[in-house]
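**Student:** Build me a structure from this.
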Amino acid sequence: MTAIPMHPGPAPRPLNREDYKTLGLSALGGTLEFYDFVIFVFFTVTISHLFFPPGMPEWMSQLQTLGIFAAGYLARPVGGIVIAHFGDRLGRKKMFALSVFLMSLPTFVIGILPTYASIGIAAPLLLLLMRMLQGAAIGGEMPGAWVFVAEHVPRGRYGFGIGVLTAGITGGILLGSFMAIFINRAYSPEEVSDFAWRIPFLLGGVFGFISVYLRRFLDETPVFRELREQRQIADELPVRTVLREHRTACLMTAGLTWTLSTTVVVLILMTPTLLQKIHGIAASSALEANSVGTFALSVGCVLFGWLFDRIGARATAWIGLGGLAVAAGWFYTGLPGIGREALMLRYAVIGLFCGAIVLTPILAVRAFPPAIRFSGLSFSYNLAYALFGGLTPVLTQLWLQRDVLAPAYYVAATALLGILLAAHPLAVHGRRGAAARPG
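**Tutor:** Numbering: from 1, shown residues only. Predicted structure coming up:
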C-alpha cells in the first residue's frame, strides 16, 4: 500500500453503490449511538436537581453533575483500548457492532434509575456507573467508525468519506437537541422533573439496538481482509507497538483531539446551558439556536472533509480552524442583550467552522499503519479525550467565575494549536505505507 497522495495524481475512482451504503449505514449508526452518549448534557439542570441533595447550592449540584458527565470521558480509554485490541486482531466490523450494543443498555438503565429522593446517595453512584459504561462503549465506537469508513472509501474521497461519517456522528447531538426541544415544549417544567426527562434515555436504548441491527449489513474492510490474507495481523499486543514505535503519531493525535473535544464540549454541549444561566436566554431559544449550530456543524464536517481532498491539510486548517478562532470571539462578545434571530445567525456561523474538527480523524487515521491503526488511534484519541474532554466542563465552569469570555479564549487557543499540528509533516503527508485504501 502507498501513502495517500495530497496532490494531483491518477484519478481515483468515484464512490460506488457499495461505498454509499457503507457511508449511509455507518453515519446513521453513529447518529443513534452518539445520541445515547450526549443526551445527558441536555438535561444537566434537571438531573442535578433530582440526583443530589435538595439543600445543595445550585452551582455545586451542577458542577457535580458535570463531573458525572466527565466520568464518561474518563472511562473511554479503557473501553477504547480493549475494543481496539480485538478490532486489530479479529476485525473492524465485529467491534463496530459490539460497541453500539454496549452503549444501549446503560442508556436505557439511566431512564429507569430511582432518584435521590427514593434511594439517597445510591442514585448519583448508579448514575456515575452508567456514565462510565457509556464512556467505555463510545471509546471503541468513535475510532472504530473512522477506521472502518477510511478503509472502505477510495483514495481521493478519503476526507469526504470521514466528513460524511463525522457529520452523522454529530447528527446524534442534533437529534438530542431536537429531543430536548420537544420535551421542553410538550411538558411543563414540573412534568419534565417528574417523569418526562426519562423519555429521551428510554428511546436512546431502543435507538442503540436499532443501530446494532443496521450494522449487520456492513462488510469487513478491504484493508483488514488484506492484512488477514497476508498474515500481517499484529503478533503482540497492538498498543505495545503503538507506544514503542508511534509516539509522534500519538502526540499529534492527542493535540488534535484537544482541539476537537474543546470545540464540541464548549460550543455545542455546554453553551445552551450557559446561555440560560449567564445571559438569561429562554431554554427554548437556547436549544433552538443550538440545533441550528449543530446542523451547521454537520454541514461543516462534510465541507471541510471535501476541502481536504482538494487543498490538503495545512490550507484546510488555516481556513477552518482559523475561522473557528475568530468566530468564537465574535459569538461570545455579541451575546449580551442578543435577540433570537441574531443568536441563530451567530450559532450557525460558528457551527459551520466547528466542522473543521473533522481534521482530527482525517489526519490521525492515516498517521498509523494498518496493522495497529485501530489501537493507535483509539489509545491516543481516547486518552486525550478523557483528559481534555472530561476536564473541560469543570475548568470552563470555574474559569467563568472570573471571566464571562472564558469559553471564547479556550476555543480560540485550541484552534490555533490545531493549525500548528496540521503543519507537521506527518499530518501533511501521512505515514508511508498507511493509506486507508488504495485504488
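**Student:** Next one: residue 25 relative to residue 293, how far apart?
**Tutor:** The span separating residue 25 from residue 293 equals 26 Å under the rule C-beta to C-beta, to the nearest Å. Every C-beta, even on glycine, is put in place using the N, C-alpha and C of the backbone.
**Student:** quick one: residue 15 and residue 158 touch, right?
**Tutor:** No: because the distance of 11.2 Å does not satisfy C-beta atoms under 8 Å, residue 15 is recorded as not touching residue 158.
**Student:** more neighbours, the two?
**Tutor:** In terms of neighbours (other C-beta atoms under 10 Å), residue 158 is the more surrounded of residue 15 and residue 158; the figures are 25 against 18.
**Student:** List the buried residues of stretch 394-405.
**Tutor:** Neighbour-count burial for stretch 394-405, with 16 or more other C-beta atoms under 10 Å as criterion, is recorded at 396-397, 400, 404.
**Student:** JSON lines for these, including distance to residue 328?
**Tutor:** Putting the buried residues of stretch 394-405 into JSON lines (distance: C-beta to C-beta, whole Å) gives the following:
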{"residue": "396", "distance to residue 328": "13"}
{"residue": "397", "distance to residue 328": "17"}
{"residue": "400", "distance to residue 328": "15"}
{"residue": "404", "distance to residue 328": "13"}
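**Student:** Tabulate those residues in a markdown table, adding columns for distance to residue 245, secondary structure and pLDDT.
**Tutor:** Supplementary listing: these in a markdown table, determined by distance: C-beta to C-beta, whole Å; DSSP: H, G, I helix; E, B strand; the rest coil; pLDDT from 0 to 100:
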| residue | distance to residue 245 | secondary structure | pLDDT |
| --- | --- | --- | --- |
| 396 | 36 | helix | 84 |
| 397 | 39 | helix | 81 |
| 400 | 42 | helix | 83 |
| 404 | 46 | coil | 87 |
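**Student:** on that earlier part again, compare residue 25 and residue 293 (neighbour count), which wins?
**Tutor:** The residue with more neighbours, out of residue 25 and residue 293 and counting by other C-beta under 10 Å, is residue 293; that gives 28 against 17.
**Student:** Look up how far residue 411 lies from the more buried one.
**Tutor:** Residue 293 sits 13 Å away from residue 411 when distances are taken as C-beta to C-beta.
**Student:** what's the following helix or strand after the helix or strand of the chain with the lowest mean pLDDT?
**Tutor:** Ranked by mean pLDDT, DSSP states H and E, the helix or strand of the chain with the weakest confidence is helix 222-229, at a mean of 64. Next in sequence after helix 222-229, counting helices and strands by DSSP states H and E, comes helix 238-245.
**Student:** so how far is that next one off the chain centroid?
**Tutor:** Computed by C-alpha atoms, centre = their mean, to the nearest Å, the separation of helix 238-245 from the middle of its chain amounts to 24 Å.
**Student:** hey, C-alpha coordinates of it in PDB?
**Tutor:** What follows is the C-alpha trace of helix 238-245 in PDB, where atoms were taken according to Å, rounded to 0.1, in the frame of the first residue of the first chain:
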ATOM      1  CA  PRO A 238      -1.100  -3.800  19.400                       C
ATOM      2  CA  VAL A 239      -0.900  -0.900  21.900                       C
ATOM      3  CA  ARG A 240       2.600  -2.000  22.900                       C
ATOM      4  CA  THR A 241       3.700  -1.500  19.300                       C
ATOM      5  CA  VAL A 242       2.000   1.900  19.300                       C
ATOM      6  CA  LEU A 243       3.800   3.100  22.400                       C
ATOM      7  CA  ARG A 244       7.200   1.800  21.200                       C
ATOM      8  CA  GLU A 245       7.200   2.900  17.600                       C
END
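**Student:** if we can go back for a sec, how about the buried residues of stretch 394-405, which pair is most distant?
**Tutor:** Using C-beta to C-beta, the buried residues of stretch 394-405 span at most 12.3 Å, a distance reached by 397 and 404.
**Student:** could you list every residue that touches the closest residue to residue 109 other than its chain neighbours?
**Tutor:** Beyond its immediate neighbours in the sequence, the residue positioned closest to residue 109 (C-beta to C-beta, 6 or more residues apart in numbering) is residue 130, lying 5.5 Å away. Neighbour list for residue 130: 106-107, 109-110, 113 [criterion: C-beta atoms under 8 Å, 6 or more residues apart in numbering].
**Student:** where does the stretch 151-300 of the chain dip in pLDDT?
**Tutor:** Screening the stretch 151-300 of the chain residue by residue with the criterion pLDDT under 70, one finds the ranges 219-237.
**Student:** Let me know the closest of the buried residues of stretch 394-405 to residue 100.
**Tutor:** Proximity of the buried residues of stretch 394-405 to residue 100, judged by C-beta to C-beta, is greatest for residue 396, which lies at 29.8 Å.
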